[in-house]
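Trainee: Output the structure for:
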Amino acid sequence: MRPWTRAASLSKDVNVETTEAKTAIAVIDVGGTKIAGAVAVYDPAAPGAPQLCCRRTAPTEAQRGGKAVLATIVELAGALIADAPLPVAAVGVGTAGRVDARTGNIAYANEIMPGWMGQPLGDALRERTGLPAAILNDVQAHALGEARWGAGQGAQTCVVAAAGTGLGGAIVTHGRIVLGSHGFAGELGATMNPLGVDRAAGGDCLEGVAAGSGIEACYRAAGGDAISGAEISARANAGEGLARRIIDQAGYALGLSLADLAGLLDPELVIVSGSVTKAGALWRDALQRGFDDRVVSVLRDLPIVDAQLGSDAPLIGAAEHARDLLAD
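Mentor: Sure, this is the predicted structure:
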């Protein structure tokens, strides 16, 4: 592992003519297949989203187990601190799994990240770096980035639904991520399946019918091939009846649930993201139809918009959360 000292030469990715008033935060996005990192630089002379520089990636290799993944994250944090063009003030992370809001440690993780549950992520980063560490669930980090500097910029309250392999959700109100008492607020995928589909065809949770993994399981249960969600989407858009029904079902179920959430929270907009959104107009039309069928009339014109920041959203959100920690 390289020594954790600030690089002697400044990064070419960011203007650092003067560094006294700037803030640097090492940010990391932990996914099931890849861990991405960068240094987020805030410059008072250029207000807005942080500039991301010194980017690095490493394979997650989740099958190695939670301790090995934790070691990779800690090593990546050290490398980012060494690469940074000015002293790093904090570490911000968005990670798969549910995060204990009090400690930043992993309270729960599913089979996508074996052995990740219980890993002391926040404790390890604080101990090894000597810096404050702010940890969010990856969807919460994504949501905070989008809310402040992406599709939700300017809105006080928004809801984010991230439909990828799994289904995550997050709530931002008055510019802050809503964590709840344990850090688990916004877990949309764990809510009840509004269609009442039986367990063999998606189970009793929304994730089992609306996420990519749920789409695949529902397609197989209905007699389809064991293929990826992307291929199911391609077949649907090519006109295959079964694939169209499964994609329509996924979008409609999510739309129903978003209507319920909108009725509860009365947000200014809903942001949707994730690989499932690439299913195209069939999925999006079904989502809107489900939303319209359920939502109260006063919220019928609520905007449902696409995310804008792509893979940078969780890095920017992690930086924003860490910056909030420094300011509090």
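Trainee: From now on I want contacts and neighbour counts done on CA atoms only, so please keep to that.
Mentor: Will do.
Trainee: Mind jotting down where the strands sit in the stretch 1-150 of the chain?
Mentor: Counting by DSSP state E, counting those that start in this stretch, one finds strands in the stretch 1-150 of the chain at the ranges 23-30, 34-42, 51-59, 88-95, 98-99, 106-108, 133-137.
Trainee: quick one: contacts of the fourth one?
Mentor: Strand 88-95 is touched from outside by 23-31, 77, 81, 125, 131-142, 314-315, 317-319, 321-323, 326, with contacts defined as Cα atoms under 8 Å, 6 or more residues apart in numbering.
Trainee: Tell me where the protein is predicted with low confidence.
Mentor: Within the chain, the stretches with pLDDT under 70 are 1-20, 197-202.
Trainee: Find the centremost residue of it, please.
Mentor: When Cα atoms, centre = their mean is applied to the chain, the residue found nearest the centroid is residue 139 (2.3 Å).
Trainee: In contact with that residue, which residues?
Mentor: Here residue 139 is in contact with 94, 162, 168, 169, 170, 314 (Cα under 8 Å, 6+ apart).
Trainee: rerun at 6 Å
Mentor: residue 168 (Cα atoms under 6 Å, 6 or more residues apart in numbering).
Trainee: Could you report the separation of it from residue 160?
Mentor: Plainly put, residue 139 is 8 Å away from residue 160 if you go by Cα to Cα, to the nearest Å.
Trainee: Likewise for residue 93?
Mentor: 18 Å.
Trainee: circling back: how about the strands of the stretch 1-150 of the chain in TSV, adding distance to residue 237?
Mentor: Output for the strands of the stretch 1-150 of the chain, formatted as TSV (distance: least, Cα to Cα, whole Å):
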stretch	distance to residue 237
strand 23-30	32
strand 34-42	29
strand 51-59	32
strand 88-95	33
strand 98-99	34
strand 106-108	36
strand 133-137	33
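Trainee: Which residue ranges of the stretch 201-328 of the chain form strands?
Mentor: Going by DSSP E, counting those that start in this stretch, the stretch 201-328 of the chain shows strands at 269-273, 304-306.
Trainee: Which helix runs longest in the protein?
Mentor: Across the chain, the longest stretch assigned as helix under DSSP state H is helix 241-265.
Trainee: how about it: buried residues?
Mentor: 242-244, 246-262 (16 or more other Cα atoms under 10 Å).
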